[in-house]
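Engineer: Provide a 3D model corresponding to the input given below.
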Amino acid sequence: MLSKSDIEHEMKIGRISFGVPNKDVRVDSSSVDISVGLIYPRESIDSPRASVEVRDCGRPWHSIEPGEMVVVETKECIKLPNYIGGVVFPPNRLTKSGIIMTNPGHIDPGYEGHLTFCLINMSIGSVLLSADDVVGTLLLFDLSSPSSGYRGEKGRISVKQVERIGKDFAGLNNRTTSSVMSALSARASLMVGVFALVLTLVVAIAPLLSNVMSGFFDFGLISRVEKIEKDMKMLQSKSHVASEEDGI
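Structural biologist: Numbers count the residues shown, from 1 in each chain. Got it, this is the predicted structure:
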């Protein structure tokens, strides 16, 4: 892996370049900070200009909403010799904010062009991304022997790249809403079922309750008991009068 002095030496002799003045390249002890150039949310290609030149539709800043995907094109236009390759990782600051990079990886020796990254906001809040923000950490490696070099197209943003992304990664918002509604529906169905069961039980035991309550509150029986008590008092009174007459 190339150290800071190795990287600066290769830059000085022109074997490695980043498309910006060497003094503006942020070289750490063994890595290079790669920064945001332009940001492409999905709606950026809806502009008529996208059919002419998609780079004209890039934005210098964008607030990435939860679940939203964007494509970022780097400020640096990298040029590597055929004996130096690289690996890019998302910086710790970006990851801690809830941003995930879907395509970190290696850069072939001999590659020339801008780098493009697909970022997804997996946090619960919006994340502001602006030009010159660090979006990648580049490590460079010296090959044991020169390679045949990069044979692909020169790196650049395309409409096809941007049109694949969306405001709602994997339909998270829609799926979340659907899950909540399903849960509420299941809860409502359970409540309806419990209510129906309770109602059925009430209807079934209502006659029994009526008989029991009527047994407790049989007003005819109460009247008969009161009449018997009254008759007994009259008999006791007559008996007492009779006793007094006999005594006379």
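
Engineer: Taking the centroid of the chain, which residue is nearest it?
Structural biologist: Computing the C-alpha centroid of the chain and ranking residues by Cα atoms, centre = their mean puts Met122 first, at 5.7 Å.

Engineer: Now stretch 127-140: buried residues?
Structural biologist: Buried positions in stretch 127-140, judged by neighbour count with 16 or more other Cβ atoms under 10 Å: 127, 129, 131, 133, 135-140. Where C-beta positions appear, they are placed from N, C-alpha and C, glycine not excepted.

Engineer: As a markdown table, the residues you listed with pLDDT, distance to Ile13 and secondary structure would be great.
Structural biologist: A markdown table is the format used below for those (pLDDT from 0 to 100; distance: Cβ to Cβ, whole Å; DSSP: H, G, I helix; E, B strand; the rest coil):
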| residue | pLDDT | distance to Ile13 | secondary structure |
| --- | --- | --- | --- |
| Val127 | 95 | 39 | strand |
| Leu129 | 96 | 34 | strand |
| Ala131 | 96 | 29 | coil |
| Asp133 | 96 | 30 | coil |
| Val135 | 96 | 27 | strand |
| Gly136 | 96 | 24 | strand |
| Thr137 | 96 | 24 | strand |
| Leu138 | 97 | 19 | strand |
| Leu139 | 97 | 20 | strand |
| Leu140 | 97 | 15 | strand |
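
Engineer: Let me know the closest of the residues you listed to Pro41.
Structural biologist: Taking Cβ to Cβ as the measure, Pro41 lies nearest Leu129 of those, at 10.1 Å.

Engineer: Run through the bridge partners of the closest one.
Structural biologist: His62 (DSSP bridges).

Engineer: you'd agree it is up against Glu68?
Structural biologist: No - using Cβ atoms under 8 Å, Leu129 is not in contact with Glu68, being 10.7 Å away.

Engineer: Buried residues, stretch 96-105. List them.
Structural biologist: For stretch 96-105, using 16+ other Cβ under 10 Å, the buried residues are 98-101.

Engineer: Backbone torsions only: list them for Ala108.
Structural biologist: For the record, residue 108 is Asp, not Ala. Phi and psi for Asp108, reported as degrees, to the nearest 10, are phi -70, psi 150.

Engineer: Brilliant, that's me finished.
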